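Engineer: Predicted model and sequence follow; I will ask about them next.
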Amino acid sequence: MTNEIPAWARRGRGHWKHTGAERPPFAVEPGPRQESVWDYPRPPRLEEMEQTVEVRHGDVVIASTDRALRIVETASAPTVYLPPDDVAMEYLRRVDGTSRCEWKGEADYWSVVVGSERLDRVGWSYPDPFPPFEAVKDHLSFYPAALHCTVGGERVRPQPGGFYGGWVTDAIVGPIKGEPGSGGW
């Protein structure tokens, strides 16, 4: 990876209004043992997780780890990344197509195949992430709308809107980017 951030990423980084420096008046006040997505920073921050993270399809464990990382960004639910050594790669198939994140770089997509069932584009990874996100290189994240994902035993809910891959738990409050009217957040 070159340390040069491409022009498309520099442009994308410049259009966000909120940076986590100040919680907007419409944000929900967090309760005990909760955090507001409005207190997360932009640029995003990479953090180690303490909870066990598991991803399943039916009775099949796709991934299970105590070494997950999460990326937190203003207005978004945390996105959880699992080390490839803790993912049952025999159930994953790399698929064509990529997407871009102005902070992390270009993502590859994965389908989950269990027996005759195929769930297309339900996971992604960054093979060559931008600094300072090199730690998520080849780690995988999954859309909780498509798979049974848990953090510390709690079933994760998908981030609103279907585009973002954030993992919503009872530990966070919003509102969360992806809801109607949140395009500029």
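Structural biologist: Received, thanks.
Engineer: Let me see the confidence value for the residue nearest the centre of the chain.
Structural biologist: What sits nearest the mean C-alpha location of the chain, by Cα atoms, centre = their mean, is T79, with 2.2 Å. T79 is assigned 97 on the pLDDT scale.
Engineer: and after the lowest-mean-pLDDT helix or strand in the chain, which helix or strand comes next?
Structural biologist: Ranked by mean pLDDT, DSSP states H and E, the weakest helix or strand in the chain is helix 7-13, scoring a mean of 89. Counting by DSSP states H and E, the element after helix 7-13 in chain order, helix or strand, is strand 35-36.
Engineer: What residues sit buried inside stretch 33-50?
Structural biologist: Neighbour counts over stretch 33-50 (16 or more other Cβ atoms under 10 Å) mark 36-40, 42, 44, 46, 49 as buried. Where C-beta positions appear, they are placed from N, C-alpha and C, glycine not excepted.
Engineer: now stretch 98-106
Structural biologist: Taking 16+ other Cβ under 10 Å as the criterion, stretch 98-106 shows 101-106 as buried.
Engineer: Just the C-alphas of stretch 32-49, formatted as PDB.
Structural biologist: Output in PDB follows, covering the C-alpha atoms of stretch 32-49 (Å, rounded to 0.1, in the frame of the first residue of the first chain):
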ATOM      1  CA  PRO A  32     -25.700   4.000  31.700                       C
ATOM      2  CA  ARG A  33     -23.400   1.600  29.800                       C
ATOM      3  CA  GLN A  34     -24.400   3.200  26.400                       C
ATOM      4  CA  GLU A  35     -22.500   5.400  24.000                       C
ATOM      5  CA  SER A  36     -23.800   7.900  21.400                       C
ATOM      6  CA  VAL A  37     -22.900   7.400  17.800                       C
ATOM      7  CA  TRP A  38     -22.600  11.200  17.800                       C
ATOM      8  CA  ASP A  39     -19.600  11.000  20.100                       C
ATOM      9  CA  TYR A  40     -17.700   8.800  17.700                       C
ATOM     10  CA  PRO A  41     -15.000  10.700  15.700                       C
ATOM     11  CA  ARG A  42     -14.700  11.500  12.100                       C
ATOM     12  CA  PRO A  43     -12.200  10.500  10.800                       C
ATOM     13  CA  PRO A  44     -13.200   7.100  12.200                       C
ATOM     14  CA  ARG A  45     -11.300   5.300  15.000                       C
ATOM     15  CA  LEU A  46     -10.200   1.700  15.100                       C
ATOM     16  CA  GLU A  47     -10.700  -0.200  18.400                       C
ATOM     17  CA  GLU A  48     -10.200  -3.600  19.800                       C
ATOM     18  CA  MET A  49     -13.300  -5.400  21.200                       C
END
